[in-house]
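1. Sequence first, predicted model second:
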Amino acid sequence: MYWLYYATQLTLLLFILIIVKELWQKKLVLNKKTIQMFGIVILFPVWTALTAFWSLNPLTTFLKGVNFVFVVTGLFSALLLWVNYEDGNFFKLFLPANLLVVLTSIFSWLTGIPNDAWDIGHGLSFAGFFGHQNVMGMALMFTLPGVFGLLEDKKINLNNDNKSTIIFEGESTAKTKISNQKYFFFLILSLNLFLIGITYTRSVILSLFIGVIFYLFIAKAIKLLIGIGGLLTLVAILYFTITPVNQAIYKVASKHGWDILATRSILWEPSYEAAKIGGVLGIGYGMSAPGIYVYGPEDLMKGQPNYYREKGNSALAYIEETGLIGLILVFYFFSLWFYKLFKFRENISIQILLSFTFAFIIQSNFEGWVGGGSPLLQLFIPVIIYPMLIMVNRSILLKSSVN
C-alpha cells in the first residue's frame with residue numbers, strides 16, 4: 001500500500017498547481033487575511049526545515065522539513081479551493097476514508113483475513129489489515145468526524161447585519177431522506193465504536209471519552225455531566241473498596257496485566273531525557289537523540305545511522321526535534337485557533353470540531369504523530385485549517401455585501 005504515499009503527494013501537488021493557475025488567471029484573488037492565515041499555518045513547518053542548519057543529519061531533516069511545508073501548502077490549497085468553489089459539508093470529506101477503514105476491518109473480522117489480525121498486541125487486540133492495532137484505532141478516530149456529516153447537511157451562512165457572526169444551519173430535505181440518513185449514521189457510528197473497542201486502543205478510547213466530556217461542557221449539558229460525574233465517582237468507590245471490582249478494572253485498564261502506564265512510560269521516559277537534550281533549538285526535525293533507546297541493548301534498530309526512536313508523546317517529540325521554540329510556535333497556533341473558534345461555540349458544527357480537535361490533542365500525548373509525512377497528521381491538518389478559512393473568507397464576503 002506504499003503507493004498511496006506517492007498518490008497523496010501527487011494529489012497535493014495538483015491542488016497547488018490549480019491554485020497557481022487560478023491566481024495567474026485572476027479567477028481567485030487572495031485577500032490579506034487569507035495570506036496572513038497561511039503565514040501563521042506555515043510558520044511551524046518552515047521552522048522544522050530551518051532546523052536542518054544544526055541537525056544531526058542536515059540532509060534528512062531538510063528533506064523532511066520541506067516535505068512538511070509541501071504537505072501543509074497542498075492541504076491549504078485544497079481547502080481554499082473547497083471553501084471558494086464547493087462550499088459543501090466539510091465533515092463528509094472524511095467519510096470515504098472512514099468507510100474504507102470500517103468496511104475493510106469488518107471484512108477482516110468476519111473472514112479472519114489476514115490470519116494474524118488478532119496476533120498483534122499479544123493476541124488481545126484486533127488490527128485487521130493494519131500493521132498495529134493502535135494505528136487502526138487512530139485511523140478510525142481521525143476519520144470519525146466524517147460520520148457526523150451524516151446527521152444533516154450543514155451550510156454556512158453569515159448574518160447580514162452589523163455583527164459578523166457565523167451560523168451553521170441544516171438544509172431542509174425530505175423526511176424520508178433524513179430518516180434514512182440518521183439510520184445510516186447510527187449504523188456507521190456503531191461499527192466505528194465496535195471496531196475501536198476490539199482494537200483495545202486505550203489512548204483512543206480515553207481521548208474520545210474526554211472529547212465527549214468536552215463536548216458536553218461547551219454544549220452546557222450540565223445534567224449529563226453531573227450524571228457521568230456521579231457514575232465515575234461510584235466506579236472509583238467500588239474500585240477502592242471491593243477487591244474483585246478492583247482486579248477486574250485493573251485487568252482491563254492494564255491490558256497486559258502490567259502497570260497501567262507501562263507501555264507508555266517505556267516511551268515517555270527516554271523521550272523526556274531526549275527533550276532535555278533538545279533544549280531551545282532541538283536536534284533537528286525527524287531526528288532522535290543519540291544514545292537514547294527504548295528497548296536498550298536488544299533494540300536492533302539502534303545501529304542504524306538514522307535511528308528513529310518511537311517517541312510516544314508529541315509534545316516531548318516537538319521539544320527533542322525542534323526545541324522549545326518549536327513547541328511555543330505550536331502552542332501559539334492552537335491557542336489562537338481555540339480562541340477564535342470558541343466565540344462560536346453555540347453552533348453544533350463548531351462544537352463537534354472543537355471536541356474532536358481537543359480529543360486529538362489529548363491522544364497526541366500518548367502517540368508521537370508529528371512527522372510531515374504522517375497520514376494521521378495529514379488527516380488532522382484540514383480540521384485545523386478549514387474553520388479558519390471559513391471565518392476569513394465569509395467575513396470578507398460580508399464586508400463586500402455591506403459595502
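-> Yep, it's here.

2. Tabulate the CA atom coordinates of stretch 356-376 in PDB.
-> Extracted in PDB, the C-alpha atoms of stretch 356-376 (Å, rounded to 0.1, in the frame of the first residue of the first chain):
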ATOM      1  CA  PHE A 356     -12.700  16.300  18.100                       C
ATOM      2  CA  THR A 357      -9.700  18.600  18.000                       C
ATOM      3  CA  PHE A 358      -9.400  18.500  21.800                       C
ATOM      4  CA  ALA A 359      -9.600  14.700  21.700                       C
ATOM      5  CA  PHE A 360      -6.900  14.600  19.000                       C
ATOM      6  CA  ILE A 361      -4.600  16.800  21.100                       C
ATOM      7  CA  ILE A 362      -5.200  14.500  24.200                       C
ATOM      8  CA  GLN A 363      -4.400  11.500  22.000                       C
ATOM      9  CA  SER A 364      -1.100  13.100  20.900                       C
ATOM     10  CA  ASN A 365       0.200  12.800  24.500                       C
ATOM     11  CA  PHE A 366       0.100   9.000  24.000                       C
ATOM     12  CA  GLU A 367       1.500   8.800  20.500                       C
ATOM     13  CA  GLY A 368       4.000  10.900  18.600                       C
ATOM     14  CA  TRP A 369       2.400  11.500  15.100                       C
ATOM     15  CA  VAL A 370       4.300  14.700  14.300                       C
ATOM     16  CA  GLY A 371       6.100  13.700  11.100                       C
ATOM     17  CA  GLY A 372       5.400  15.800   7.900                       C
ATOM     18  CA  GLY A 373       4.600  12.600   6.000                       C
ATOM     19  CA  SER A 374       2.400  11.100   8.700                       C
ATOM     20  CA  PRO A 375      -1.000  10.100   7.400                       C
ATOM     21  CA  LEU A 376      -2.500  11.000  10.700                       C
END
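
3. I'd like the average pLDDT over that stretch.
-> The pLDDT scores in stretch 356-376 average 81.

4. Can you give me the buried ones in it?
-> 356-372, 374-376 (16 or more other C-beta atoms under 10 Å). Placement of C-beta: from N, CA and C, glycine included.

5. next one: stretch 339-359
-> Buried, per 16+ other C-beta under 10 Å, within stretch 339-359: 341, 344-345, 347-359.

6. and if you look at stretch 30-48?
-> Applying 16+ other C-beta under 10 Å to stretch 30-48 flags 34, 37-38, 41, 44-45, 47-48 as buried.

7. mind checking pLDDT for Thr165?
-> Thr165 is given a pLDDT of 39.

8. just curious, which of the buried residues of stretch 339-359 is nearest to Ala52?
-> Nearest to Ala52 among the buried residues of stretch 339-359: Thr357, at 29.4 Å, using C-beta to C-beta.

9. State the helix or strand in which the closest one lies.
-> Per DSSP states H and E: Thr357 is located in helix 348-363.

10. for that helix, packing partners?
-> helix 133-143, helix 145-148, strand 166-170, helix 202-218, helix 314-342, helix 375-402 (3 or more C-beta pairs under 8 Å, 6 or more residues apart in numbering; DSSP states H and E).

11. please redo it, this time with the cut-off set to 6 Å
-> helix 202-218, helix 375-402 (3 or more C-beta pairs under 6 Å, 6 or more residues apart in numbering; DSSP states H and E).

12. quick one: that helix to helix 133-143, angle?
-> Interaxial angle of helix 348-363 relative to helix 133-143 (axes from the mean of the first three to the mean of the last three C-alpha atoms, to 10 degrees): 160 degrees.

13. which residues make contact with helix 348-363 from outside it?
-> 145, 148, 154, 168, 203, 207-208, 210-211, 214-215, 218-219, 341, 344, 380, 383, 387 (C-beta atoms under 6 Å, 6 or more residues apart in numbering).

14. Quick one: buried ones out of these?
-> So, of the contacts of helix 348-363, 145, 148, 154, 168, 203, 207-208, 210-211, 214-215, 219, 341, 344, 380, 383, 387 end up buried under the neighbour-count rule (16+ other C-beta under 10 Å).

15. quick one: the helix holding Thr357 to helix 202-218, angle?
-> Comparing the axes of helix 348-363 and helix 202-218 via the same axes, to 10 degrees yields an angle of 140 degrees.
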